[in-house]
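# kindly generate the corresponding structure for this input.
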Amino acid sequence: MSRISNENDIPVTVEVEGESWATALTPRLVQFAAVARHEHVTRAAQELQMPQSTLSRAMARLEEDLGVALFARRGRTVALTPAGGTFLRSVERALAEVDRAAETVRADADPAAGLIAFGFLHTLGPETVPGLIRGFRVDHPRVRFQLVQNYGQAMIERMREGGLDLCLTSPVPDAPDLVARRLDEQRLRLVVPDDHRLAGRRRVRLAEASAELFVTLEPGYGLRRITDALCAEAGFTPKIAFEGEEAETLRGLVAAGLGVALLPPPAVPRPGVAELTVTAPRAVREIGVAWLDGHPDTPPVAAFKRFLLNRRGQLLD
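Next comes the predicted model:
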């Protein structure tokens, strides 16, 4: 930051490229607020535990940088000018916001009552996730959760942006910036209308549905990728009638006779459909937990991660 003078010889501050007001002024805002509060440089210096001469120079430099007088000096005391009063109100709001931000992140990291930002698939919401949280809070009753339901790739992107600590997803991701651990697998069923030609069967080969219209999740969803891969393994490309964003909506479409679907078991049996075990190919989806590699965990996040990893093979019980 550099200073020039105008025709009235009043200092005017201009910003140089790459430096902002916040960068230049932030270290002196607490000092300014202390001087304004005490209206006395010596007493403010004592509170801040710094030499009076250093504080005086800092306030003079602050006024020089801003190009405006913030204080009217009267002997050893100072009083705010109108410009100083305007500046103080904004400074106090800014410092209070910093205090609130610091208290928030400290509270979120508290081992006993911190916050866990946890993402999971919609299909795990009705039963699996509530059961997990209930089990975890037996030993951690005050820990708080911020819950996010979404499809896998959206959760991973949100995690990369800092919005999630960890997520349950499927398929288990494989990316260089992630750590992922397989926790369990879930059988998928071929869901057909209850008046369908296959409805009376308990088991079916997926190839027997090759001529059917399928209702699936939209491209980008993990279950859609699994559906496409299983159909390819069975020797056909599914003919897509409808694409949706939520598994239970797909069950409703099946019940309405609009197609068949490969879906995980429902939380509650749905009337109007028959759910068939797929014998070939092996129709399962792996469910895992993922987090960003190299990111330090707060104590509550570390505890919940250990809890999930200890549930390997039992996640869906």
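# correct me if wrong: Leu147 contacts Phe120.
Yes - the criterion here is CB atoms under 8 Å, and Leu147 meets it with Phe120 at 7.4 Å. All C-beta atoms are positioned from the backbone trio N, CA, C, and that covers glycine.
# tell me who's in contact with Pro264.
Contacts here follow CB atoms under 8 Å, 6 or more residues apart in numbering; on that basis Pro264 touches 123, 186-189, 223, 247, 285.
# for the chain, which segments count as helices?
Assigned by DSSP state H, the helices in the chain fall at 21-38, 41-48, 52-66, 82-108, 128-136, 152-160, 222-233, 247-255, 299-309.
# make a markdown table out of the ones you listed and add mean pLDDT and distance to Ala290.
Output for the helices of the chain, formatted as a markdown table (pLDDT from 0 to 100; distance: least, CB to CB, whole Å):
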| stretch | mean pLDDT | distance to Ala290 |
| --- | --- | --- |
| helix 21-38 | 85 | 35 |
| helix 41-48 | 92 | 46 |
| helix 52-66 | 92 | 47 |
| helix 82-108 | 92 | 20 |
| helix 128-136 | 96 | 15 |
| helix 152-160 | 95 | 7 |
| helix 222-233 | 96 | 12 |
| helix 247-255 | 95 | 20 |
| helix 299-309 | 97 | 11 |
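# with distance to Asp174 added, can I get those helices in JSON lines?
JSON lines is the format used below for those (distance: least, CB to CB, whole Å):
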{"stretch": "helix 21-38", "distance to Asp174": "40"}
{"stretch": "helix 41-48", "distance to Asp174": "53"}
{"stretch": "helix 52-66", "distance to Asp174": "51"}
{"stretch": "helix 82-108", "distance to Asp174": "29"}
{"stretch": "helix 128-136", "distance to Asp174": "22"}
{"stretch": "helix 152-160", "distance to Asp174": "11"}
{"stretch": "helix 222-233", "distance to Asp174": "12"}
{"stretch": "helix 247-255", "distance to Asp174": "23"}
{"stretch": "helix 299-309", "distance to Asp174": "18"}
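# in strands only, show me the contacts of Pro264.
186-187, 189, 285 (DSSP state E).
# about what we covered before: dump the helices of the chain into TSV; add distance to Leu166 and mean neighbour count as well.
Output for those, formatted as TSV (distance: least, CB to CB, whole Å; neighbours: other CB atoms under 10 Å):
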stretch	distance to Leu166	mean neighbour count
helix 21-38	33	17
helix 41-48	42	18
helix 52-66	44	16
helix 82-108	14	13
helix 128-136	12	16
helix 152-160	7	18
helix 222-233	16	18
helix 247-255	22	19
helix 299-309	6	17
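# quick one: closest of the ones you listed to Ala72.
helix 82-108 (8.3 Å; CB to CB).
# surely Gly152 meets Asp174?
No - look at Gly152 against Asp174 with CB under 8 Å: they stay out of range, at 11.9 Å.
# quick one on the thing from earlier: which of the ones in strands among the contacts of Pro264 lies closest to Gly162?
Closest approach to Gly162 among the ones in strands among the contacts of Pro264 (CB to CB): Arg285, at 27.5 Å.
# beta-bridge partners for that closest one, please?
With DSSP bridges as the criterion, Arg285 is bridged to Gln186.
# how many neighbours does it have?
By other CB atoms under 10 Å, the residues close to Arg285 number 22.
# so who does it touch?
Contacts of Arg285 by CB under 8 Å, 6+ apart are 170-171, 185-186, 188, 222-223, 226, 264.
# identify the farthest-apart pair in the ones in strands among the contacts of Pro264.
Going by CB to CB, the pair spanning these furthest: Arg189 and Arg285, at 11.4 Å.
# taking the centroid of the protein, which residue is nearest it?
Gly163 (1.9 Å; CA atoms, centre = their mean).
# local confidence estimate at that one?
We have a pLDDT of 96 for Gly163.
# right, and it touches Asn150 too?
No - checked against CB under 8 Å, the pair Gly163 and Asn150 is beyond contact range at 10.4 Å.
# and Pro281, how far is that from Glu212?
16 Å (CB to CB, to the nearest Å).
# these two: who's more crowded?
Glu212 (19 against 16).
# gap between that one and Pro126?
Applying CB to CB to Glu212 and Pro126 gives a distance of 27 Å.
# before we move on, what about Pro141?
In this view, Pro141 and Pro126 are 23 Å apart by CB to CB.
# how far does stretch 98-116 stretch from start to finish?
Start-to-end span of stretch 98-116 (CA to CA, to the nearest Å) is 22 Å.
# which one of the contacts of Arg285 sits closest to Asn310?
Of all the contacts of Arg285, Glu185 has the smallest distance to Asn310: 17.2 Å, by CB to CB.
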